[in-house]
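Asks: Sequence first, then the predicted structure:
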Amino acid sequence: MIPWRGTPKGQWMRDAVSFREWRVNRSLYITAAAVMLFPWILILSTSIGGPGGELLELRAIVGDNAGLGPMNGWITALAGLLALGVFWNDRSRGGLDTSMEGPVSRRALLMAKIRLGIFTITGVWVLLFVTLAFIALAIGQAGLIGPLVVAALWSLCSAVALYMVTVSFGAAMGSVFFTALASLLWVMLPRIVDSVVFQLTLGFGQRLSLATATGWETTLIDIRWFSVLTDGRPTGWVAVLYAGYFAALALFVGWRALVWWQRTPMERFHDPFYYPQLWNFWYAFLAILSGMFVAALTIPNAGSQARLYVGALVFGVPLWFLWRWIWRLLSRNALSWGPQS
């Protein structure tokens, strides 16, 4: 009997590629989940048995300004590494190329990585929330469950957002280095923008934010909160808004990943960038770094970050063209890959 007889074609294809993805990358998914949970197991196990240990730990987790406990950034960072791994491992073993040459659709292959990755991250956070909620009920602190829900929602959505962003970069780039660099820059961008705005508005003496005053002040916008890895996070209903932002972002970049993945010509799947115009962002990155270096050497009192940023932009424009010329020259004569390869 044919296994898929009587089953819609789309369903058996999804089942087939999901099984294939699990066989290829199951060690990554299992290891990622275990490493995500290990610090939490250590923290909770050491707090149990002490005088008020569970209550103190729960209150620290709910009130922690960096997310659901000190390990939130750890899990989020691992989500990004997991997205890198599911592409790199598949490519290094040669199975991804073979699968794309067969009858299985590219969309199905990518969707399998998206589904299993989100399932892994969601499973970790659900297990953590259930455990923490059970502890709260067991020690008579049911009032902590509400804040736990909000913190867990924000943490889950931020981790899924980083996973999806990294997957989307992996769907447009054939280089692990460039994919990791792009993801890192995306994580750092809100903090960089916040620093630039702060330095350029030092005369105002405060960071750019929007707050409402209704007897008490609630900050609605903090540029740093648009980063999944930040030294502060929103609380209450504002955290739910930012969780919605991360969820919407994950949906958008996931859609774009499918578009980029399906449109890539087969002959470009081993290039650093599937689309030649992406090289312009690499030139811009090199131009900004070298522009800051030139500004630090040539501008008086360049120790001021504001002057350094402005100088980087001024010098960065001509340096963009210089880097473009240098990189194209190297790709024709020395590098094994480049925009002309």
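Replies: Yes, it's here. Numbering: from 1, shown residues only.
Asks: mind listing the strands for this protein?
Replies: 209-213, 217-222 (DSSP state E).
Asks: Tell me who's in contact with Ser183.
Replies: For Ser183, the contacting residues are Gly80, Ala83, Leu84, Leu162, Val165, Thr166, Phe169, by CB atoms under 8 Å, 6 or more residues apart in numbering. Heads up, the C-betas are built off the backbone N, CA and C, glycines and all.
Asks: Now render those residues as CSV, adding pLDDT and distance to Ile121.
Replies: Below are those laid out as CSV (pLDDT from 0 to 100; distance: CB to CB, whole Å):
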residue, pLDDT, distance to Ile121
Gly80, 93, 11
Ala83, 94, 10
Leu84, 94, 14
Leu162, 96, 9
Val165, 96, 13
Thr166, 96, 12
Phe169, 95, 17
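Asks: which sections of the stretch 1-150 of the chain are below the confidence cut-off?
Replies: Low-confidence segments of the stretch 1-150 of the chain (pLDDT under 70): 1-10, 12-13, 47-72.
Asks: try it again with 90
Replies: Applying pLDDT under 90 to the stretch 1-150 of the chain picks out residues 1-24, 38-75, 87-109, 128-150.
Asks: All the helices of it, residue numbers only.
Replies: 9-47, 53-63, 72-92, 95-100, 106-138, 145-170 (DSSP state H, counting those that start in this stretch).
Asks: Name the stretch among those that sits most buried.
Replies: Most buried of these by mean neighbour count (mean count of other CB atoms under 10 Å) is helix 145-170; its value is a mean of 24.
Asks: Report all helices and strands that that one contacts.
Replies: helix 53-63, helix 72-92, helix 106-138, helix 176-200, helix 236-263 (3 or more CB pairs under 8 Å, 6 or more residues apart in numbering; DSSP states H and E).
Asks: chain center to that helix, what's the gap?
Replies: Chain-centre distance of helix 145-170: 9 Å, with CA atoms, centre = their mean, to the nearest Å.
Asks: Would you mind measuring from the residue nearest to Val104 when sequence neighbours are not counted to Phe87?
Replies: Leaving aside its sequence neighbours, Val104 sits nearest to Val17 (CB to CB, 6 or more residues apart in numbering; 5.9 Å). For Val17, the distance to Phe87 (CB to CB, to the nearest Å) stands at 15 Å.
Asks: Could you do Thr235 as well?
Replies: Distance from Thr235 to Phe87, by CB to CB: 35 Å.
Asks: With Ile121 instead?
Replies: Distance of Ile121 to Phe87, given as CB to CB: 16 Å.
Asks: In contact with Leu82, which residues are there?
Replies: Contacts of Leu82 by CB under 8 Å, 6+ apart are Leu28, Tyr29, Ala32, Gly117, Thr120, Ile121, Tyr163.
Asks: To clarify, my last question referred to Leu96.
Replies: The neighbourhood of Leu96, defined by CB under 8 Å, 6+ apart, consists of Phe87, Asp90, Leu109.
Asks: for those, which one is nearest Pro339?
Replies: Closest to Pro339 out of the contacts of Leu96 is Phe87 (21.7 Å), distances taken as CB to CB.
Asks: So the closest one sits against Ser175, correct?
Replies: No - shown here, Phe87 and Ser175 do not form a contact pair, counting by CB atoms under 8 Å, at 10.3 Å.
Asks: Format the helices of the stretch 1-150 of the chain as CSV; extra columns: distance to Trp320.
Replies: Converted to CSV, the helices of the stretch 1-150 of the chain look like this (distance: least, CB to CB, whole Å):
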stretch, distance to Trp320
helix 9-47, 37
helix 53-63, 46
helix 72-92, 28
helix 95-100, 33
helix 106-138, 32
helix 145-170, 21
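Asks: Compare those and give me the one nearest Arg263.
Replies: The nearest among these, by CB to CB, is helix 106-138 at 9.5 Å.
Asks: relative orientation of the closest one and helix 145-170 in degrees?
Replies: For helix 106-138 against helix 145-170, the angle by axes from the mean of the first three to the mean of the last three CA atoms, to 10 degrees is 160 degrees.
Asks: Which strands or helices does helix 106-138 pack on?
Replies: Counting by 3+ CB pairs under 8 Å, 6+ apart, helix 106-138 packs on helix 9-47, helix 53-63, helix 72-92, helix 95-100, helix 145-170, helix 236-263.
Asks: what about those, which gets the closest to Phe315?
Replies: The nearest among the helices and strands packed on helix 106-138, by CB to CB, is helix 145-170 at 27.5 Å.
Asks: and the angle from the closest one to helix 72-92?
Replies: Using the same axes, to 10 degrees, helix 145-170 lies at 30 degrees relative to helix 72-92.
Asks: Could you number the chain from 569 rather than 1 from now on?
Replies: With 569 as the first residue, the last one maps to helix 713-738.
Asks: quick check: domain ranges of this structure?
Replies: Using automatic domain parsing, the domain ranges for the chain come out as 584-739+796-838, 843-909.
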